[in-house]
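Enquirer: mind looking at a prediction? Sequence and model below.
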Amino acid sequence: MTTTLNPSAKPAAVKPKPTFKQRLSIFDVKASPYLYVAPFFILFALVGLFPLVYTFFVSLFDWHLLKGQGQFVGLENFAAVLQDRFFWNSLFNTMSIFLLSSVPQLAVALFLAAVLDQNLRAKTFWRMSILLPYIVTPVAVAMIFTNMFGEQYGLINNILGNFGLDPVMWKNETLPSHIAIATMVNWRWTGYNALILLAAMQAVPRDLYESAALDGAGAVRRFFSITLPSIRPTMVFVVITATIGGLQIFTEPRLFDPATAGGSQRQFQTTVLYLWEMAFQRQNFGKASTIAWLLFLIIVLFGVINYLISRRIATADAAKPSRAARKSSARKNAAGKNAALTRAERTTR
């Protein structure tokens with residue numbers, strides 16, 4: 001058996017080994033993005049993920065504040081909390097205060113942002129002014145509003161008395177106490193949300209407003225047809241953050257009546273306030289951790305619902321052509337028809 005050698009075949013080129021600097025450069029290109037984002041994930045794991053996992057671990061035990069870890073009880077704490085009427089009462093109070101605060105808060109914040117988006121004199125002054133309630137400490141806010149909503153010598157009851165109306169039991173009745181606490185929350189957070197919405201409105205191209213004005217659209221029509229659809233992602237963000245903050249409300253109801261943990265009859269005791277009572281007054285860390293985890297699941301549920309609703313609205317808007325697009329398409333069709341008629345007339349002539 002003979003083999004034939006091909007003299008024209010060239011030996012395979014040997015790749016030179018990369019130098020140390022080249023290997024370092026390749027490693028830098030591959031690893032740098034992960035190193036840049038690593039501090040966030042490390043910090044999140046330390047202050048977010050680990051406490052969440054450890055809280056669930058504590059909820060599986062009969063854990064006492066002073067005695068420490070007790071016997072393993074599994075999901076018995078969850079079953080006990082779900083059968084506790086005080087937990088459901090606190091959840092009702094939380095939802096009530098959340099609705100009374102978040103809905104008016106977002107509506108007023110949207111109105112203020114629309115006003116501040118206009119050409120006003122001293123715009124910077126007015127924009128900074130609405131942020132002043134946010135930088136005031138919650139303790140000062142609670143002291144001011146506690147005096148305003150005092151049942152005997154409060155400012156609001158004195159004003160009602162001048163009109164011959166009976167004083168309102170702001171601290172001893174459920175609905176008045178919820179309105180008082182919601183007023184505190186609205187006063188503090190409305191300006192903050194208004195600035196976020198204002199930043200989104202500033203990013204809307206002014207050409208759209210000018211085109212709509214030339215078409216005869218008024219200020220209200222431009223707001224609902226251009227401004228609101230353009231700032232929808234920011235609106236979703238504000239709604240989600242307001243939902244999370246509203247379900248975690250603690251400071252305002254705690255300072256509204258410092259003598260009690262949510263009222264003498266628990267008429268304004270929120271879920272976080274009940275969690276605080278369970279942990280530091282009853283010293284039952286197991287059930288307190290269970291309440292924390294149930295609240296976490298409720299917040300996740302609300303977040304998923306907000307995401308699905310916003311995604312469905314965005315999908316429907318994407319499938320539905322806008323009014324401006326329909327007008328533009330109609331104009332193009334009309335221009336095409338006019339051009340075709342003109343050509344036909346020339347041909348007949």
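Expert: Perfect, I can see it now.

Enquirer: and residue 272, what does it touch?
Expert: Going by Cβ atoms under 8 Å, 6 or more residues apart in numbering, residue 272 touches 94, 248-250, 295. The C-beta positions use only the backbone N, C-alpha and C, and glycine is treated the same way.

Enquirer: are any of these buried, and which?
Expert: Among the contacts of residue 272, those classed as buried by 16 or more other Cβ atoms under 10 Å are 94, 248-249, 295.

Enquirer: these two touch, right, residue 168 and residue 176?
Expert: Yes: taking contacts as Cβ atoms under 8 Å, residue 168 lies within contact range of residue 176: 5.0 Å.

Enquirer: identify the residue spatially nearest to residue 130, adjacent ones excluded.
Expert: Sequence neighbours aside, residue 191 is the residue nearest to residue 130 in space, at 3.5 Å (criterion: Cβ to Cβ, 6 or more residues apart in numbering).

Enquirer: before we move on, what about residue 161?
Expert: In space, residue 161 comes closest to residue 167 once its chain neighbours are excluded; the distance is 6.5 Å by Cβ to Cβ, 6+ apart.

Enquirer: ok, residue 249 next?
Expert: Leaving out its chain neighbours, the residue that sits closest to residue 249 by Cβ to Cβ, 6+ apart is residue 270, at 5.3 Å.

Enquirer: for that neighbour, what are its contacts?
Expert: Contacts of residue 270 by Cβ under 8 Å, 6+ apart are 90, 93-94, 97, 249-250, 253, 262.

Enquirer: so what's the residue count around residue 74?
Expert: By other Cβ atoms under 10 Å, 10 other residues sit near residue 74.

Enquirer: let me know the pLDDT of residue 168.
Expert: What the model reports as pLDDT for residue 168 is 88.

Enquirer: thinking again about what came up before, so can I have CSV of the contacts of residue 272 showing secondary structure, distance to residue 57 and pLDDT?
Expert: CSV is the format used below for these (DSSP: H, G, I helix; E, B strand; the rest coil; distance: Cβ to Cβ, whole Å; pLDDT from 0 to 100):
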residue, secondary structure, distance to residue 57, pLDDT
94, helix, 25, 93
248, coil, 21, 90
249, coil, 26, 90
250, coil, 23, 90
295, helix, 17, 92
